[in-house]
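Q: Prediction below, plus the sequence it came from.
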Amino acid sequence: MDAINVFLIDANKLFREGMKRLFEGTPFNVVGEAGNLREGLSVVNAGGVTPHMILVDLPSGVDEDVDAMRSVREQHPEIKTVILTTDLDTRRLSAALGAGAGGYLLKDIACEALMQSLKLVMMGEKVFPTHLAALLVSGRTDDMGSELPTRRKGLSQREVQILRCLLNGNSNKMIANHLSITEATVKVHLKSLLRKINASNRTQAAIWALNNGIGDQATESIAATV
């Protein structure tokens, strides 16, 4: 993947420094930073930097920053905006969606999952925590409360094994050989686990696995198709 210029926006300078270190040696190149969205937008509008993506944390009072996000979309439609925050708040989520955010991620996300999520956003995908996305699709955001914990509820041991294989980029045939089952059985298990975690493909399933600690023992690559 070509280099991706990222503009970091977060009130916590120490967090911004940590993100810059995290991105070292990756396709993500930090080209600027700011303490709030309006300050960052001023820098971008001045032509000082040309980011492909803005990675931003929205503070609790969202109205002003949501207006700034809309300004980014209107003035720079080519720039992707991703929210990286500490909790799942329905008001902030709805506001971010309405303002054109390409993703809404939690700061406790695994590093590998973050990288994959940002790559998906650059490819034009919308990326959100899996369970949250399911509620959005069903229109049941009111059921979430102010926060929504991530769970592995309902997965069988075999499905967890298959998720770990997906994290290694294994094909169905490789998974079958590794687990000593048939490819047809792999497909059945894969269909079941995708339904349980509300993922539509292997990439989303692998990101969900990383977010839920399943990938602690094996994370080399992620296949991009079902």
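A: The structure has been received and is ready for your questions.
Q: Can you name every helix or strand that the helix or strand hosting I54 contacts?
A: Using DSSP states H and E, I54 sits within strand 53-56. On a contact count with 3 or more C-beta pairs under 8 Å, 6 or more residues apart in numbering; DSSP states H and E, strand 53-56 meets strand 4-9, helix 37-45, helix 63-75, strand 80-85, helix 111-122. Yep, even glycine has a C-beta here, placed from its N, CA and C like the rest.
Q: List the contacts of the nearest residue to T182 once chain neighbours are set aside.
A: Computed as C-beta to C-beta, 6 or more residues apart in numbering, the closest residue to T182 that is not its neighbour in sequence is A176, at 5.8 Å. For A176, the contacting residues are T182, E183, T185, V186, by C-beta atoms under 8 Å, 6 or more residues apart in numbering.
Q: Report the secondary structure state of A176.
A: Classification of A176 by DSSP: H, G, I helix; E, B strand; the rest coil places it in helix.
Q: Could you report the separation of it from R195?
A: 20 Å (C-beta to C-beta, to the nearest Å).
Q: How about L106?
A: Counting by C-beta to C-beta, the gap from L106 to R195 is 23 Å.
Q: and V56, bridged to which residues?
A: Assessed by DSSP bridges, V56 has beta-bridge partners I9, I83.
Q: Tell me which helix or strand comes right after the lowest-mean-pLDDT helix or strand in the chain.
A: Every helix and strand of the chain was ranked by mean pLDDT, DSSP states H and E. The lowest is helix 130-138, at a mean of 53. For helix 130-138, the following helix or strand on the C-terminal side (DSSP H and E) is helix 157-167.
Q: Residues contacting stretch 112-123, please?
A: Stretch 112-123 is contacted by residues 1, 4, 22, 26-28, 52-53, 55, 80, 82, 84, 102-103, 105, 109, 127, 203, 206-207, 210-211, 215, 219, 222 when judged by C-beta under 8 Å, 6+ apart.
Q: Would you quantify the distance from the most centrally placed residue in the chain to W208?
A: The chain has S117 as the residue nearest its centroid, 3.7 Å off, counting by C-alpha atoms, centre = their mean. According to C-beta to C-beta, S117 stands 11 Å off from W208.
Q: distance between the strand holding I54 and the chain's centre?
A: Using C-alpha atoms, centre = their mean, to the nearest Å, the mean C-alpha position of strand 53-56 is found 12 Å from that of the whole chain.
Q: How about stretch 191-210?
A: Centroid separation for stretch 191-210 versus its chain: 13 Å, with C-alpha atoms, centre = their mean.
Q: Ok, stretch 79-98 next?
A: Averaging C-alpha positions (C-alpha atoms, centre = their mean) puts stretch 79-98 11 Å from its chain's average.
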